[in-house]
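Student: give me a 3D structure for the following:
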Amino acid sequence: MLSKRHLIGLFAGLVLSASGAVAQEKTKIKFTLDWKYQGIHAFVFWAADKGYFANEGLDVEIDQGTGSAATVTRIVSGTYDAGLGDVNAIIQYAGTKPGDQPKMVYMLYNTAPFALIVKNSSPIKTLKDMEGRSMGTPPGGATGQLFPALAKLNGVDASKVSITNMAPNLQEQMLMNGQVDSSAIFSVTSYINLVGMKVDPDKDIRWFYFSDLGVDLYSNGVMVSAKLLAEKPKAVAGLVKALNRALIESAADPDAAIAGMMKVEPLMNAALEKQRLTYAFRQHFVTKETDENGMGDIKDDRMARSIKLLVDTYNLPNTPKVSDIFDRSAMPPKSERILKLAK
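Tutor: Here you go, the predicted model:
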């Protein structure tokens, strides 16, 4: 029979083993990207490779996306806990089903990459010329979903524009082949894709940027489910901390960032994806506003104007508050969110 001393020792060992298992258990987070793998996603995998998620007690599973607006439905359905997606899709969801919407906890695109593109030879020279023409867009694409807001502000009858749904990877190809008259795109995706197709995006393509036509919106960032934010705020803070650090380090060393991304998707064109990453940083991520507030944050009055624009455009039954859409409680201090671009 075991002695009392042996029993005490055995019990102590079991307690230590159990406490060690609890200490090692990490919070699992299913994370969806906004699109198929691209260079702009390098910072997410940088956070994983460098152990930043693990350091915060997180086990993050990363999947490709199908559109930045689709991220909202993926999270609301419970399939994903967090991801990269469009804040305007959160506004639209909260305007119809308040309470269930995800919340943005870190803004990436301080200026939105929403644009319509047409061939330079196209008869579409003004937005009004879109009437009677076709527009291609992926079903989950935020740009296509926001077209009615652009149309309303610019006196265009959106009902006179026929919509052609297409796979994300066919947008530029179908435009150049004449299968659609225009395409509703993300500039960071299409600009570099066109370069890869040997098309000069500055000379061969006419661009209608939403931001130049009265639609001054924020765009994609890190969003989390309402459940995760309420029940595990420490995990959300850890997720944001890891991604923020990775983003800043990726900006400082884009070659290393893309090298890491190539391990995820070896078939990528490294040179094009580096160009895409640096384009996103310079054109959309880093602005005078981020210089003032740091990466990830927003201006509440600007967000309130965006909410009003979307509520008015889509006749939403509810008007969300800024706090219903954006939560900055998980963000690191501003001193840790200052981004310096590589020269």
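Student: report the rounded mean pLDDT for stretch 156-175.
Tutor: Averaged over stretch 156-175, pLDDT sits at 95.
Student: same question for stretch 66-84.
Tutor: Here the average pLDDT along stretch 66-84 is 96.
Student: mind listing residues that contact it?
Tutor: Residues outside stretch 66-84 that contact it (Cβ atoms under 8 Å, 6 or more residues apart in numbering): 29-35, 41, 44, 63, 65, 85-86, 88-90, 93, 100-102, 108, 138-142, 145, 168, 186, 219-225, 227-228, 236, 239. Just so you know, the C-beta spots here come from the backbone N, C-alpha and C atoms, and that holds for glycine as well.
Student: among the residues you listed, the buried ones, what's the PyMOL command?
Tutor: Entered in PyMOL, the line below selects the buried ones among those, by 16 or more other Cβ atoms under 10 Å:
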select buried, resi 29+30+31+32+33+34+35+41+44+65+85+86+88+89+90+93+101+102+108+138+140+141+142+145+168+186+219+220+221+222+223+224+225+228+236+239
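Student: hmm, L127 and L213 touching each other?
Tutor: Yes - assessed by Cβ atoms under 8 Å, L213 is found in contact with L127 at 6.5 Å.
Student: so what sits against both of the two?
Tutor: Listed as contacting both L213 and L127 by Cβ under 8 Å, 6+ apart are L150, N154.
Student: the residue nearest to A142 when sequence neighbours are not counted and V180, how far apart?
Tutor: Excluding the flanking residues, the one nearest A142 by Cβ to Cβ, 6 or more residues apart in numbering is D86, at 3.9 Å. Taking Cβ to Cβ, to the nearest Å as the measure, D86 falls 22 Å from V180.
Student: what's across from the residue nearest to A142 in the sheet?
Tutor: N220 (DSSP bridges).
Student: state the mean pLDDT of stretch 209-221.
Tutor: Across stretch 209-221, the average pLDDT comes to 95.
Student: what about I62, how many residues nearby?
Tutor: For I62, the count of nearby residues is 19 (other Cβ atoms under 10 Å).
Student: so for it, what's the pLDDT?
Tutor: Value for I62, per-residue pLDDT: 98.
Student: do the same with A142
Tutor: Looking at A142, its pLDDT stands at 90.
Student: my read is that it contacts V87, right?
Tutor: No - look at A142 against V87 with Cβ under 8 Å: they stay out of range, at 9.2 Å.
Student: common neighbours of those two, please.
Tutor: Residues touching both A142 and V87 by Cβ under 8 Å, 6+ apart: S219, N220.
Student: hang on, W35 packs against S190?
Tutor: No - with contact defined as Cβ under 8 Å, W35 does not count as touching S190 (11.5 Å).
Student: tell me the secondary structure of D312, please.
Tutor: When classified by DSSP: H, G, I helix; E, B strand; the rest coil, D312 comes out as helix.
Student: count the residues that sit near it.
Tutor: For D312, the tally of surrounding residues (other Cβ under 10 Å) stands at 13.
Student: which SSE is the residue nearest to G85 when sequence neighbours are not counted in?
Tutor: Nearest in space to G85, with sequence neighbours left out and distances taken as Cβ to Cβ, 6+ apart, is T71 at 2.7 Å. Secondary structure from DSSP states H and E places T71 in helix 70-76.
Student: pull out the buried residues from that helix.
Tutor: For helix 70-76, by 16+ other Cβ under 10 Å, it's A70, T71, V72, T73, R74, I75, V76.
Student: now those as a markdown table including distance to S323?
Tutor: Shown next, in a markdown table, are the buried residues of helix 70-76 (distance: Cβ to Cβ, whole Å):
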| residue | distance to S323 |
| --- | --- |
| A70 | 24 |
| T71 | 20 |
| V72 | 17 |
| T73 | 22 |
| R74 | 23 |
| I75 | 18 |
| V76 | 19 |
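Student: which of those residues sits closest to T313?
Tutor: Nearest to T313 among these is V72, at 17.2 Å by Cβ to Cβ.
Student: distance check, the closest one against W35.
Tutor: Applying Cβ to Cβ to V72 and W35 gives a distance of 14 Å.
Student: swap in P320?
Tutor: 25 Å.
Student: same check, this time on I192
Tutor: According to Cβ to Cβ, I192 stands 12 Å off from W35.
Student: now swap in N315 and tell me
Tutor: N315 is 29 Å from W35, by Cβ to Cβ.
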